[in-house]
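**Q** Using only what follows, build the 3D model:
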Amino acid sequence: MSTNNTYLAVFLGSKTGPRRAAWDALPEGDRRAKEREGMSAWKAWVENHHAIIVVMGGPLGKTKKVTHRGVGDVSNDMGAFMVVRADSHEAAAKLFEKHPHFTIFPGDCVEIMPVLPIPGG
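**A** Residues are numbered from 1 along each chain as shown. Below you'll find the model as predicted:
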């Protein structure tokens, strides 16, 4: 069970996969048109789901990794995040079916996980 039925959605997309390669290979005018189409669809998705969005989140920048050895630059597939509220994990996942992240943009998937209570909190 999540805390207050909240779920973290992480938008993932490979920077080197075939979907991204096809996107990058589009002529600039076509790519810009797809970007406009995608942003319009993304904004419409947000409008349609505004009541369940707890934290709008946003795009993620370059990543730093901190270990016992120190700080370094790393790369991963995370592109954006959002926090939503839903009645169940399954319901939260269904919110992202056919999302513009992967139906228009070259994103690979959206991973949804419950935000759990802090143990002993």
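**Q** where's Glu35 relative to Pro18, distance?
**A** 19 Å (C-beta to C-beta, to the nearest Å). C-beta here means a position set from N, CA and C on the backbone, and glycine is covered the same way.
**Q** Give me the more crowded residue out of the two.
**A** A direct count of neighbours by other C-beta atoms under 10 Å for Glu35 and Pro18 places Glu35 higher, at 14 against 9.
**Q** max-length helix in this protein?
**A** Across the chain, the longest stretch assigned as helix under DSSP state H is helix 28-49.
**Q** Which positions within it qualify as buried?
**A** Neighbour counts over helix 28-49 (16 or more other C-beta atoms under 10 Å) mark 38, 41-42, 45 as buried.
**Q** number of nearby residues for the closest residue to Thr6 other than its chain neighbours?
**A** Distance criterion C-beta to C-beta, 6 or more residues apart in numbering; nearest residue to Thr6, sequence neighbours excluded, is Val115 at 4.5 Å. Using other C-beta under 10 Å, Val115 is surrounded by 16 other residues.
**Q** pLDDT averaged over the longest helix of the chain, what's the number?
**A** When pLDDT is averaged over helix 28-49, the result is 97.
**Q** and what of stretch 14-22?
**A** 94.
**Q** about what we covered before: ok, the residue nearest to Thr6 to Ser14 distance?
**A** Counting by C-beta to C-beta, the gap from Val115 to Ser14 is 26 Å.
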